[in-house]
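Colleague: give the three-dimensional model of this entry:
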Amino acid sequence: MPQTEQSELTPKGTWLSYRPEIKILDCTIRDGGLINDHQFEDGFVKAVYNTCVASGVDTMEIGYKTDRKIVAPSQFGDWKFCDEDALRRILDDNPTDLKISIMADAERTDYKNDILPKDKSVIDIVRVATYIHQIPTALDMVKDAHDKGYKVGINLMAVTTVQERELDEALQLFAKAPVYGVFIVDSFGAYYSEQIHAVTKKYLAAVKGTGIEVGIHAHNNQMLAYANTLEALITGANHLDATINGMGRGAGNCPLELLLGFLKNPKFNLRPVLECIRDYFVPLEKQGDMEWGYRIPYMITGQLNQHPRSAIKARASENPDDYVAFYDHMIGAE
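Modeller: Predicted coordinates:
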């Protein structure tokens, strides 16, 4: 076949690039804020927002809706609460195609009061985050946000710790809820690719025929967040979480720049992400006030399928690089 004909028939990029259902959600400020109590300067948040717009990312998750009766507002930045005045200080009326998302944690959100009706907010999407035992509350939160006019997603946290029977029951409930998507959340970075493949198929089967789609939020404890995100994508997940430069709690998340580079889709533009990393993330890392990304303590908690809080504490201790002592502590060999 002549080359001109081949170029007309073959789309630029891989076949994966041209699934129109693929959506990318950047959660840099939301997940990255777990490192510094959400105390980002406005210029940094605005830079991430502008980068999301310029790169063609579909959604920016800018923070949490946390109940002020649970945490002391003086100890946290605006993106722990995402009040409307703070949002509009960065977004104005968001005159772009970028959708704005917030996360509402079950049992940590005064959702009936703090989540306003959609016509009074610049927020487009509410993602409800829940552990398995909080599902009754989470489903009420989903209904409340949906009734207020929002597009709603649900994130089942720490799925690697959930018994299979409980997971099946949870997915049956989610499939009946007014949500656009259910998200696989590997909170501890414990999954391997074959497990991601199996759990993605389980989620897809549970929501088949409902119009609900499947997404993934991966952590990088074992340097598998990117690989696991691709595995979920190939298996059929259409909604992919990522963060600029992999920023996120502990070992961080799937790096946005890796994901955009893989997709090679003309919808997405990698260059603005690289500019943002150069101009904002590299200087931030050099300041030394924030640490994220792969470290051996996070690997250990990931391999043990445990919350990274102990690794985070170890990294903040006087002996952050004593990996042997940390390992002995975690396996009870002290």
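
Colleague: use CA for all of it now, contacts and neighbours both
Modeller: OK.

Colleague: what residues are up against the closest residue to Ile216 other than its chain neighbours?
Modeller: Counting by CA to CA, 6 or more residues apart in numbering, Ile184 is the residue found nearest to Ile216 once chain neighbours are left out, at 4.6 Å. Shown in contact with Ile184 (CA atoms under 8 Å, 6 or more residues apart in numbering): 155-157, 159, 199-200, 214-218.

Colleague: so which of these belong to strands?
Modeller: 155-156, 214-218 (DSSP state E).

Colleague: picking up where we left off before, how far does the host helix or strand of the residue nearest to Ile216 sit from its chain's centre?
Modeller: Using DSSP states H and E, Ile184 falls within strand 181-186. Here strand 181-186 shows a centroid-to-chain-centroid distance of 9 Å under the convention CA atoms, centre = their mean, to the nearest Å.

Colleague: repeat for stretch 173-182
Modeller: The mean C-alpha position of stretch 173-182 is separated from the chain mean by 18 Å, CA atoms, centre = their mean.

Colleague: same question for stretch 136-155.
Modeller: With CA atoms, centre = their mean, you get 18 Å for stretch 136-155.

Colleague: can you give me the end-to-end span of that stretch?
Modeller: Taking CA to CA, to the nearest Å, the first and last residues of stretch 136-155 lie 14 Å apart.

Colleague: from the rest of the structure, what touches that stretch?
Modeller: Applying CA under 8 Å, 6+ apart, the contact partners of stretch 136-155 are 106-107, 111-112, 115-119, 124-130, 174, 177-185.

Colleague: avg pLDDT for that stretch?
Modeller: What stretch 136-155 shows for mean pLDDT is 98.

Colleague: what residues sit buried inside that stretch?
Modeller: By neighbour count with 16 or more other CA atoms under 10 Å, stretch 136-155 contains the buried residues 138-139, 141-146, 148, 150-155.

Colleague: which ones are touching the nearest residue to Leu34 once chain neighbours are set aside?
Modeller: Spatially, and ignoring its direct neighbours in sequence, Leu34 is nearest to Arg249 (5.5 Å; CA to CA, 6+ apart). Arg249 makes contacts with 31-35, 292, as judged by CA under 8 Å, 6+ apart.

Colleague: just the buried ones out of the residues you listed, please.
Modeller: Neighbour-count burial (16+ other CA under 10 Å) applied to the contacts of Arg249 gives 31-35, 292.

Colleague: follow-up on the earlier one: from the contacts of Arg249, which ones fall inside helices?
Modeller: 31-32 (DSSP state H).

Colleague: now for the residue nearest to Asp105 when sequence neighbours are not counted, how many residues are close by?
Modeller: Spatial nearest neighbour of Asp105, chain neighbours left out: Ala129 (4.8 Å); criterion: CA to CA, 6+ apart. By other CA atoms under 10 Å, the residues close to Ala129 number 24.

Colleague: now do the phi/psi pair for Ala129.
Modeller: When quoted as degrees, to the nearest 10, the phi and psi of Ala129 stand at phi -100, psi 130.

Colleague: use 852 as the first number for this chain going forward.
Modeller: Sure, I'll start numbering at 852, so the last one becomes Ala980.

Colleague: who's in contact with it?
Modeller: Residues in contact with Ala980 (CA under 8 Å, 6+ apart) are 954-957, 989, 1005-1008.

Colleague: ok, which stretches of this protein are strands?
Modeller: Secondary structure of the chain (DSSP E): strands located at 874-877, 910-915, 950-956, 976-981, 1002-1007, 1032-1037, 1064-1069, 1090-1093.

Colleague: in TSV: those, plus distance to Glu1082.
Modeller: Formatted as TSV, the strands of the chain follow (distance: least, CA to CA, whole Å):
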stretch	distance to Glu1082
strand 874-877	15
strand 910-915	21
strand 950-956	24
strand 976-981	22
strand 1002-1007	18
strand 1032-1037	12
strand 1064-1069	10
strand 1090-1093	11
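
Colleague: quick one: which of the ones you listed is nearest Gly928?
Modeller: Proximity of those to Gly928 was assessed by CA to CA; the nearest stretch is strand 910-915, lying at 10.0 Å.

Colleague: so what strands line up beside that closest one?
Modeller: Using DSSP bridges, the strands paired with strand 910-915 are strand 874-877 (parallel), strand 950-956 (parallel).

Colleague: chain center to the longest one: distance?
Modeller: If you compare the mean C-alpha spot of strand 950-956 with that of the full chain, they lie 10 Å apart, counting by CA atoms, centre = their mean.

Colleague: for stretch 973-988, same thing?
Modeller: Relative to the centre of its chain, stretch 973-988 is centred 13 Å away, using CA atoms, centre = their mean.

Colleague: if you count neighbours, what's buried in it?
Modeller: Buried residues in stretch 973-988, counting neighbours by 16+ other CA under 10 Å, are found at 973-983, 986.

Colleague: for that stretch, measure first residue to last.
Modeller: Using CA to CA, the end-to-end distance of stretch 973-988 comes to 25 Å.
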